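Asks: Everything below, folded, please.
(chains A and B)
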Amino acid sequence: MDSDLNLKATELRLGLPGTTDAISPPKNNKRSSPDSDSAPSPPKAQIVGWPPIRSYRKNNLAEAESGSFVKVSMDGAPYLRKIDLKVYNGYLELLEGLEKMFKLTIGEYSEREGYKGSEYAPAYEDKDGDLMLVGDVPWEMFESSCKKLRIMKASDARGLGCAV
Amino acid sequence: MCLFQFQSVMNYFPEEVLEHVFDFLTSHRDRNTVSLVCKSWYSVERFSREKVFIGNCYAVNPERLIARFPRLRSLTLKGKPHFADFNLVPDGWGGHVYPWIEAMAKSGINLEELKLKRMVVSDESLELLAKSFPNFKSLVLVSCEGFTTVGLAAIASNCRFLRELDLQENEVDDLKGKWLSCFPESCTSLVSLNFACLKGEVNVVALERLVARCPNLRSLRLNHTVPLEVLQKILVRAPQLSDLGTGSFTHDPDSETFIKLKNAMKNCHSIRSLSGFLDVNGRCLPAIYPICISLTSLNLSYAPGIFSNELIKLICHCKKIERLWILDTIGDKGLGVVANTCKELQELRVFPSDLYGVGNTAVTEEGLVAISAGCPKLNSILYFCQQMTNAALITVAKNCPNFIRFRLCTLDPIVPDAVTNQPLDEGFGAIVQSCKRLTRLSVSGLLTDQVFLYIGMYAEQLEMLSIAFAGDSDKGMLYVLNGCKKLKKLEIRDSPFGNMALLSDMGKYETMRSLWMSSCEVTLGGCKTLAEKMPWLNVEIINEHEAGEGEGEASCDDRHRVEKMYLYRTLVGPRKDAPDFVWTL
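Replies: The predicted structure is shown next:
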């Protein structure tokens, strides 16, 4: 799946891009001559009202896109992370992603016993605010109802059906 | 028969006949024209006119409107200048609808339809509207603000014969009220309901019931909180819909609900227009393939969740599309597919998905050229792109001489030709030369005075022109003012046009609806001169800085450049509701 390229094209960055083009200062001179090299364009966000898009549309796009970004907290960690659920095609990829991000192992999921064989269990807060174990519902349903992720210590997750 | 002979003949007929003849004149322009022929025509016309369009709410006032058109039933009003859409007009500028509603209510006008664009609509106004006009049928609000769901509840509760409630892209404070439940059981007349811009949840049971009891419902646009399960139930109840805006379109594609939705969709043979998908799962899209073949209008510009390949797959089914609004995630390749598939395409809008300017947007001049080559009926385009070339624009001009609206927006406002590094003057020049019926034009990219020479020379039908970061000198603006005889609205930002251009032909502004100039070179003195000489114009300065800011420099100095100027012709002098920061000179 060519998700990587496409996603880059649609990715909304809310701050300075980390690894890509450097930002050049905004051009104030209305008659500036064209650059002969391929210098990156000035940060458009700094010109009020450009590109000319209705604020309604801007707000909606920003919300819609960030809609798939969810906060991920890990018990004991000082700050949270954010991930884009749309990047993942299913639970396997999501858990692998989380394992990489937090440098831990999550173990195998089973319906009866939750997550076996690790210190951690992934849980999430759904639309109703309830804390749920990741993996019980079909992926699409999870995607649309997951508001926040929480990597819990397995000992705390006992009530959610995890074996310790 | 020329108009003079015709008029003489017509004067032998009693007024009723004149009135009957005028009934056939539906366009505002025609009606305005006949009213100018002679006094008796003016009189017959004004008593028979039911629909009035006012392009600038400050050009006239409610009292004059009512005095001239006592039989008014349908009113369209526009408020703020167009650049207000892009945050160039501060809050509180004006454009309040309340005085209009109040005046019409007091005068016993039998108002049935109200359409407002860029106006401030308070809950109070909506409540007054709902209670004052027993035959009120249609409310359309476009890009308005100032109201909440409380106002909507008033409309729902009181307008017994409501046919249309159409809310397009408004900023509504959703107080999570139960406005939808306020439609009484007796309300069965709805034809069109659009609440896509509301952020809060609605009572879905009330919604389903409402849909079930309105057999004439043709257009329904839901907001993103309405889940797919509810959409499925609604489609079962209302298979006669011709315009659908989905709410949330995400579900497990293997579930029973989803299968039910697919079947319900198949049964909707009348859907010609589709929008929504703010919240979408690409794997659910195949459910709409069966209706794609009949679609004439498709708006996916609020669906960043649909990736390029899914978008392309979808488009392949849309052979009859006439109007397509999408995001640039479609890419040049996707536009190529559109060009091959959508032979009936008339209007295309490609919006940017990457708002933060990282520069990874996916459409260039290639996509535009492909569309122009493949879609012979194309006449209206809004195209946000990463780059453009003169060669491409020249090709587009040759392929599509029928453009009525041509709006190009390069994401970098002064980007030159991507290949030659030249200004884009020649490209736009080709467009105006080839497209003899062009009425609206927006230019962008690196542009010199030359492009305006072309516009002045060739754009004979041009009514609206938008300019940003363009031109070298006053000559540019002069070319336009002198050349474009039909110009109605001119809006300019960040361009080096000053007093010389502004004051060269002051009478011109009385033939236009309005002129906006911001971050240009006009000074306070220039604006004052204009205001002095032209009593039929309101020359407004928007001054957002406190007096005394900036090292004690008096902002009242005539030599000072004016940050924002908006002038418009008016019959009623300076407006009385201007806020502190707006000075009418």
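Asks: what sits up against the helix or strand hosting A:Y124?
Replies: Taking DSSP states H and E as the criterion, the element that holds A:Y124 is strand A:120-125. Taking C-beta atoms under 8 Å, 6 or more residues apart in numbering or on different chains as the criterion, the residues outside strand A:120-125 that touch it are A:70, A:74, A:95, A:98, A:104-107, A:114-115, A:131-135, A:142, A:146-154, A:157, A:160, A:162. (Glycine included, C-beta is placed from N, CA and C.)
Asks: Show me the strands paired with that strand, marking each as parallel or antiparallel.
Replies: Using DSSP bridges, the strands paired with strand A:120-125 in its sheet are strand A:131-133 (antiparallel), strand A:148-153 (antiparallel).
Asks: Now do the same contact list for residue 137.
Replies: If you meant another chain, say so; for now it's chain A. A:S145.
Asks: nope, chain B
Replies: With the criterion set at C-beta under 8 Å, 6+ apart, B:K137 makes contact with B:E112, B:E113, B:C159, B:F161, B:L162, B:R163, B:E164, B:S189.
Asks: if we go to 6 Å?
Replies: Applying C-beta atoms under 6 Å, 6 or more residues apart in numbering or on different chains, one finds that B:K137 lies in contact with B:E112, B:F161, B:R163.
Asks: which one of those is nearest chain A?
Replies: Chain A has its nearest neighbour among these in B:R163, at 24.9 Å by C-beta to the nearest C-beta.
Asks: Isn't the closest one up against B:S189?
Replies: Yes: assessed by C-beta atoms under 6 Å, B:R163 is found in contact with B:S189 at 5.5 Å.
Asks: Give me the more crowded residue out of those two.
Replies: B:R163 (20 against 17; other C-beta atoms under 10 Å in any protein chain shown).
Asks: Next, work out how far apart the more buried one and B:T257 are.
Replies: Computed as C-beta to C-beta, to the nearest Å, the B:R163 to B:T257 distance reads 31 Å.
Asks: Then A:M101?
Replies: When distances are taken as C-beta to C-beta, A:M101 and B:T257 turn out to be 33 Å apart.
Asks: what do you get for B:T341?
Replies: When distance is defined by C-beta to C-beta, B:T341 is 31 Å away from B:T257.
Asks: Looking at those two, which is more packed in?
Replies: Neighbour totals were compared for B:T341 and B:T257, and B:T341 leads with 19 against 16 (other C-beta under 10 Å).
Asks: Next, the contact list for the more buried one, please.
Replies: So B:T341 contacts B:I315, B:C316, B:K319 (C-beta under 6 Å, 6+ apart).
Asks: Separate out the buried members of those residues.
Replies: Among the contacts of B:T341, those buried by neighbour count (16 or more other C-beta atoms under 10 Å in any protein chain shown) are B:I315.
Asks: Kindly reformat the contacts of B:T341 as JSON lines containing distance to chain A.
Replies: Compiled in JSON lines, the contacts of B:T341 are given as follows (distance: C-beta to the nearest C-beta, whole Å):
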{"residue": "B:I315", "distance to chain A": "15"}
{"residue": "B:C316", "distance to chain A": "17"}
{"residue": "B:K319", "distance to chain A": "25"}
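Asks: Among the contacts of B:T341, which lie within helices?
Replies: When the contacts of B:T341 are checked against helices (DSSP state H), the matches are B:I315.
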